[in-house]
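J.: Return atomic coordinates for the entry below.
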Amino acid sequence: MSNPPFGFGLPDPDKGRENEPSDSGGQQPPGSGGDAFQQLGQMLSQLGQMLSQAGTSSGPVNYDLAKQIALQRLAGTGGSSLGFGTGDQSGDTAVRDAAHLAELWLDEATILPAGATTTVAWTAKDWVEKTLPTWQRLCDPVAKQVSGAWMQALPEEAKQAAGPLLSMVGQMGGMAFGSQLGNAMAELASEVLTSTEVGLPLGPATTSALLPANIEKFTEGLERPGSEVMVFLAAREAAHQRLFAHVPWLRQRLLATVEEFAHGITVDTSALEQLAGQVDPSNPASIEQAMSSGLLEPQTTPEQQVALNRLETMLALVEGWVDVVVAEAVGDRLPGADALRETLRRRRATGGPAEQTFATLVGLELRPRRMRAASALWKLVGDQHGIDKRDHLWSHPDLMPRAEDLDDPMDFAERLGRAGDATDDMDPIAELERTRKAEEQAKSEEPGEDSGSSEGDKGDDQGESGTKG
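T.: Numbers count the residues shown, from 1 in each chain. From the prediction side, this is the model:
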């Protein structure tokens with residue numbers, strides 16, 4: 001967990017100007033008098049806007065402010081362009097055509113049917129607006145834990161003296177978190193290629209989305225035709241959507257594991273006293289040095305480590321499966337498929353924008369190296385047992401490979417072969433459907449404590465009354 005969530009560390013001074021909203025007007029040399037007054041005016045204006053919005057958003061993060069900052073930063077970056085041509089329709093048409101072709105090829109590489117009912121071309125601004133609800137679910141637990149730790153660190157006499165000011169402090173914290181979220185989302189929105197590139201289902205269900213303008217920038221320097229890159233990325237997006245649509249437990253399991261990790265974030269509040277002793281109010285450099293000393297970084301608990309390992313394994317299995325299925329679907333059809341496959345692997349392994357932003361917002365860092373091990377496992381299982389048995393493993397979480405299986409895929413494949421006789425007669429699609437219905441029924445029965453009116457409960461009550469009689 002090298003990147004503390006929500007501003008535990010100070011921003012990189014070398015990147016300070018990257019976090020400022022773009023200015024469409026003329027720029028003066030840094031350090032000039034006019035530039036200094038212009039910056040001061042902008043800061044006061046932005047502060048006034050932030051304070052005016054403080055009461056419009058409740059909760060640990062001001063998501064209205066996050067959205068506003070993200071859209072403002074994207075306003076001067078071509079974030080409204082669809083790419084692949086001069087007209088808006090050209091990018092839309094390219095995405096639809098690529099997705100249609102990719103779905104046809106994927107039908108031969110997996111038993112899971114198409115999962116997307118809608119295929120759309122997003123601009124960077126669309127990505128911000130469409131994925132914000134999921135980011136809210138992921139970031140709320142982190143922000144609550146962080147803000148709660150700071151509030152608990154205040155002495156009781158300070159809390160009593162502050163009184164109503166504490167609510168203002170909470171609002172200011174929400175704005176601070178919202179500002180960081182908005183800047184991070186803007187950065188990611190300008191580079192992400194598809195709605196599932198982070199490995200999580202960030203967008204609306206059953207919606208396959210690609211960002212043509214970003215794909216066009218990504219294609220530069222690859223020495224491959226843009227249409228070929230578009231089809232390859234469309235196949236990856238479509239493969240992700242097949243998993244998320246037809247493996248009912250997967251979406252909830254991934255998001256719940258991230259939430260579980262975030263809920264476990266703790267801050268050593270005793271470090272505040274040590275931090276205070278290192279700060280000289282007359283020396284701003286001492287403040288920066290103390291804040292960057294790591295004293296306030298969250299401590300990873302054993303429970304968090306278990307959740308982190310589980311999340312890393314699950315994400316690796318998702319990415320590895322997509323990697324193998326897409327390679328089998330397009331490998332003989334796209335001349336540059338192998339090169340594109342390796343390029344995307346390296347993009348993940350070098351800590352691309354997805355990993356960095358995810359680490360900043362949620363407080364954990366993914367380890368893409370596990371994706372190669374997962375890819376090797378899925379490839380081995382498919383070669384030895386066929387795609388039916390390979391994809392059938394997604395029908396229930398208990399059938400899925402575990403972390404230790406990624407270290408020894410041969411042993412997992414052999415065990416799967418020995419257990420094959422017991423599952424040969426099972427219909428994978430029927431199993432997926434049964435799993436989906438079972439989870440839907442479980443959800444519908446969750447609030448039944450007060451009503452106690454589910455059919456199963458009635459049957460149990462009748463059985464108990466019969467026994468008593």
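J.: which stretches of the stretch 251-400 of the chain form helices?
T.: Ranges of helices in the stretch 251-400 of the chain, per DSSP state H, counting those that start in this stretch, are 270-278, 284-291, 302-330, 337-349, 353-362, 369-392.
J.: Determine which of the ones you listed approaches G226 most closely.
T.: Each of the helices of the stretch 251-400 of the chain was scored for nearness to G226 using CB to CB, and the closest is helix 337-349 (11.9 Å). For the C-beta atoms, the positions are set from N, CA and C on the backbone; glycine is no exception.
J.: returning to what we had before: mind putting the helices of the stretch 251-400 of the chain into CSV with mean neighbour count, mean pLDDT and distance to P60?
T.: Shown next, in CSV, are the helices of the stretch 251-400 of the chain (neighbours: other CB atoms under 10 Å; pLDDT from 0 to 100; distance: least, CB to CB, whole Å):
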stretch, mean neighbour count, mean pLDDT, distance to P60
helix 270-278, 12, 58, 19
helix 284-291, 13, 57, 21
helix 302-330, 21, 92, 19
helix 337-349, 16, 88, 30
helix 353-362, 21, 66, 13
helix 369-392, 19, 94, 31
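J.: Which among those helices is found nearest to Q72?
T.: Among the helices of the stretch 251-400 of the chain, helix 353-362 comes nearest to Q72, with 17.7 Å by CB to CB.
J.: related to what we said a few turns ago, for the helices of the stretch 251-400 of the chain, please prepare TSV with the additional fields distance to E216.
T.: Conversion of these to TSV gives the following (distance: least, CB to CB, whole Å):
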stretch	distance to E216
helix 270-278	47
helix 284-291	40
helix 302-330	20
helix 337-349	15
helix 353-362	16
helix 369-392	26
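J.: and of those helices, who's closest to S195?
T.: Of all these, it is helix 353-362 that lies closest to S195, at 11.6 Å by CB to CB.
J.: before we move on, back to that, looking at the helices of the stretch 251-400 of the chain, spot the one closest to D107.
T.: Between the helices of the stretch 251-400 of the chain, helix 302-330 lies closest to D107; by CB to CB that is 8.4 Å.
J.: which strands and helices sit next to the closest one?
T.: helix 88-106, helix 226-246, helix 248-263, helix 337-349, helix 369-392, helix 403-407 (3 or more CB pairs under 8 Å, 6 or more residues apart in numbering; DSSP states H and E).
J.: tell me the angle the second one makes with helix 88-106.
T.: Going back to what we said before, that points to helix 226-246. 60 degrees (axes from the mean of the first three to the mean of the last three CA atoms, to 10 degrees).
J.: buried set for helix 226-246?
T.: 226, 228-246 (16 or more other CB atoms under 10 Å).
J.: Can you name every helix or strand that it contacts?
T.: helix 88-106, strand 207-210, helix 212-219, helix 248-263, helix 302-330, helix 337-349.
J.: so which of those gets nearest T117?
T.: strand 207-210 (7.5 Å).
J.: Send me the closest one as PDB with only the CA atoms.
T.: C-alpha atoms of strand 207-210 as PDB (Å, rounded to 0.1, in the frame of the first residue of the first chain):
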ATOM      1  CA  THR A 207     -23.200  -1.400 -21.200                       C
ATOM      2  CA  SER A 208     -20.000  -1.800 -23.200                       C
ATOM      3  CA  ALA A 209     -18.200   1.500 -23.600                       C
ATOM      4  CA  LEU A 210     -15.000   2.600 -25.400                       C
END
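J.: separation between the residue nearest to A209 when sequence neighbours are not counted and A337?
T.: In this structure, A209 finds its nearest non-sequential neighbour in S195, 4.0 Å apart by CB to CB, 6 or more residues apart in numbering. Look at S195 and A337: by CB to CB, to the nearest Å, they are 21 Å apart.
J.: how about the nearest residue to T343 once chain neighbours are set aside, secondary structure?
T.: Excluding the flanking residues, the one nearest T343 by CB to CB, 6+ apart is L222, at 6.8 Å. Three-state call for L222 (DSSP: H, G, I helix; E, B strand; the rest coil): coil.
J.: what's near enough to touch L222?
T.: V229, G336, A339, L340, T343 (CB atoms under 8 Å, 6 or more residues apart in numbering).
J.: Please convert those to TSV, extending it with distance to D405.
T.: Output for the contacts of L222, formatted as TSV (distance: CB to CB, whole Å):
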residue	distance to D405
V229	33
G336	32
A339	29
L340	28
T343	27
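J.: which one among the residues you listed gets closest to A176?
T.: A176 has its nearest neighbour among these in T343, at 36.6 Å by CB to CB.
J.: Let me know which of the helices and strands packed on helix 226-246 is the nearest to A176.
T.: A176 lies closest, by CB to CB, to one member of those: helix 248-263, at 17.3 Å.
J.: Return the set of buried residues in the closest one.
T.: Buried, per 16+ other CB under 10 Å, within helix 248-263: P248, W249, L250, R251, L254, L255, T257, V258, E259, E260, F261, A262.
J.: quick one: which of those residues is nearest to R402?
T.: Among the buried residues of helix 248-263, T257 lies closest to R402 (CB to CB), at 14.2 Å.
J.: residues near A189, how many?
T.: 27 (other CB atoms under 10 Å).
J.: Run through the residues that contact the closest residue to it other than its chain neighbours.
T.: What sits nearest to A189 in space, not counting adjacent residues and going by CB to CB, 6+ apart, is A124, at 4.0 Å. A124 is in contact with L74, T77, G79, S80, A186, A189, S190, L211, A213, N214, counting by CB under 8 Å, 6+ apart.
J.: Also A327?
T.: A337, D338, R341.
J.: now swap in P397 and tell me
T.: P397 makes contacts with W249, R253, as judged by CB under 8 Å, 6+ apart.
J.: what about 6 Å?
T.: Applying CB atoms under 6 Å, 6 or more residues apart in numbering to P397 gives the contacts W249.
J.: repeat for A374
T.: Neighbours of A374 in contact, by CB under 6 Å, 6+ apart: A316, L317, G320, L406.
J.: rerun at 7 Å
T.: A374 makes contact with A316, L317, E319, G320, L406, according to CB atoms under 7 Å, 6 or more residues apart in numbering.
J.: coming back round to it: and the contacts of L222, which two are the farthest apart?
T.: Largest separation among the contacts of L222 by CB to CB: V229 and A339, giving 10.2 Å.
J.: still on that earlier bit, can you tell me which of the helices of the stretch 251-400 of the chain is nearest to L106?
T.: helix 302-330 (4.9 Å).
J.: Between helix 337-349 and the closest one, find me the angle.
T.: Using the same axes, to 10 degrees: helix 302-330 against helix 337-349 is 170 degrees.
J.: Just the helices from the stretch 1-150 of the chain, written as ranges.
T.: Using DSSP H, counting those that start in this stretch, helices in the stretch 1-150 of the chain cover 33-52, 63-75, 88-106, 124-153.
J.: Buried residues of the last one, list them for me.
T.: Of the residues in helix 124-153, those scored as buried under the neighbour-count criterion (16+ other CB under 10 Å) are 124-128, 130-132, 134-135, 138-147, 149, 153.
J.: The third one now?
T.: Buried residues in helix 88-106, counted by 16+ other CB under 10 Å: 91-96, 98-99, 101-103, 105-106.
J.: Serialize those residues to JSON lines and add fields for distance to A349 and pLDDT.
T.: Formatted as JSON lines, the buried residues of helix 88-106 follow (distance: CB to CB, whole Å; pLDDT from 0 to 100):
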{"residue": "G91", "distance to A349": "29", "pLDDT": "78"}
{"residue": "D92", "distance to A349": "32", "pLDDT": "88"}
{"residue": "T93", "distance to A349": "33", "pLDDT": "91"}
{"residue": "A94", "distance to A349": "28", "pLDDT": "91"}
{"residue": "V95", "distance to A349": "27", "pLDDT": "95"}
{"residue": "R96", "distance to A349": "31", "pLDDT": "94"}
{"residue": "A98", "distance to A349": "25", "pLDDT": "96"}
{"residue": "A99", "distance to A349": "27", "pLDDT": "96"}
{"residue": "L101", "distance to A349": "28", "pLDDT": "97"}
{"residue": "A102", "distance to A349": "24", "pLDDT": "97"}
{"residue": "E103", "distance to A349": "28", "pLDDT": "97"}
{"residue": "W105", "distance to A349": "26", "pLDDT": "97"}
{"residue": "L106", "distance to A349": "24", "pLDDT": "98"}
